[in-house]
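Novice: Return atomic coordinates for the entry below.
(2 chains)
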Amino acid sequence: DTGVSQDPRHKITKRGQNVTFRCDPISEHNRLYWYRQTLGQGPEFLTYFQNEAQLEKSRLLSDRFSAERPKGSFSTLEIQRTEQGDSAMYLCASSLAGLTQETQYFGPGTRLLVL
Amino acid sequence: QKEVEQNSGPLSVPEGAIASLNCTYSDRGSQSFFWYRQYSGKSPELIMFIYSNGDKEDGRFTAQLNKASQYVSLLIRDSQPSDSATYLCAPFRGNTGFQKLVFGTGTRLLVSP
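Specialist: Numbering: from 1, shown residues only, chains lettered A, B, ... in the order given. Model (predicted):
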């Protein structure tokens, strides 16, 4: 257990529905990242926050995806109008900026299946 | 050219042998290099990182980095069946605007008893 938690751990939804995932980072970490991983691939970067500011978004992140980190603590990732291609493991990671060797620690992930 | 290239495997080694996992990367601006282990259905777990050319040892694991050749490797000595997993290589640039880890597809390692 890295100290990063994600909820829910599994989500099954029907195409067209909206889903929201939550990530609670390690408490003193000021950076939070979202990645997506499909079978047989490494995790792909989606977006990251430093405190409450969203500083980078991947081109993979379509306008159906939105992420927030309102108070610089937990973060939510929402997918609107889900598609079957959204089925994947959504991973959250956190880190402490400013260290010489910034290390990202991953949560257990949320596995999404869109039917 | 992919940003990070790893042989997907599987790499099969007998218990007790040395497993050698290789990774090449294209971004010369990469400053740190992370190795994560991922068991099937689980999230990536940090094994070690390296940022200086040469070798870095941590228990049974040794990371090797050659920035001139844009090559990083992970050696696992005395391999155990519990080491069977996918090993992900991830360079990290660390400058403003480039904070993400860029993962390879990973190498699947199988250690047979």
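Novice: what's around the closest residue to residue B:17 other than its chain neighbours, how many residues?
Specialist: Among residues not flanking residue B:17 along the chain, residue B:79 sits closest, at 5.4 Å (Cβ to Cβ, 6 or more residues apart in numbering or on different chains). Every C-beta, even on glycine, is put in place using the N, C-alpha and C of the backbone. Residue B:79 has 22 neighbours, counted by other Cβ atoms under 10 Å in any protein chain shown.
Novice: same question, residue A:19
Specialist: Residue A:19: 18 neighbours (other Cβ under 10 Å).
Novice: cool, and residue A:89?
Specialist: When neighbours are counted by other Cβ under 10 Å, residue A:89 registers 19.
Novice: so the residue nearest to residue B:17 touches residue B:11, yeah?
Specialist: No: in this structure, residue B:79 is not within contact of residue B:11 by Cβ atoms under 8 Å, at 10.0 Å.
Novice: Overlap of the contact sets of these two?
Specialist: B:19, B:109 (Cβ atoms under 8 Å, 6 or more residues apart in numbering or on different chains).
Novice: mind checking how far the residue nearest to residue B:17 is from chain A?
Specialist: 22 Å (Cβ to the nearest Cβ, to the nearest Å).
Novice: How about the residues of chain A by chain B?
Specialist: Counting by Cβ under 8 Å from any Cβ of the partner chain, the positions of chain A adjacent to chain B are A:2, A:31, A:33, A:35, A:40-45, A:48, A:55-56, A:58, A:89, A:91, A:93, A:101-109.
Novice: so where's chain A uncertain?
Specialist: Scanning chain A for pLDDT under 70 picks out A:99-100.
Novice: and if you look at chain B?
Specialist: B:1, B:94-99.
Novice: helix, strand or coil for whatever residue of chain B ends up closest to chain A?
Specialist: Evaluated by Cβ to the nearest Cβ, chain B has residue B:103 as its residue closest to chain A, separated by 3.1 Å. Here residue B:103 is coil, with the state taken from DSSP: H, G, I helix; E, B strand; the rest coil.
Novice: Minimum distance to chain B, which residue of chain A gives it?
Specialist: residue A:42 (3.1 Å).
Novice: So for that residue, what's the nearest residue that isn't a sequence neighbour?
Specialist: residue B:103 (3.1 Å).
Novice: show me the residues around that neighbour that make contact.
Specialist: Residue B:103 neighbours (Cβ under 8 Å, 6+ apart): A:42-44, B:4, B:36, B:88-90.
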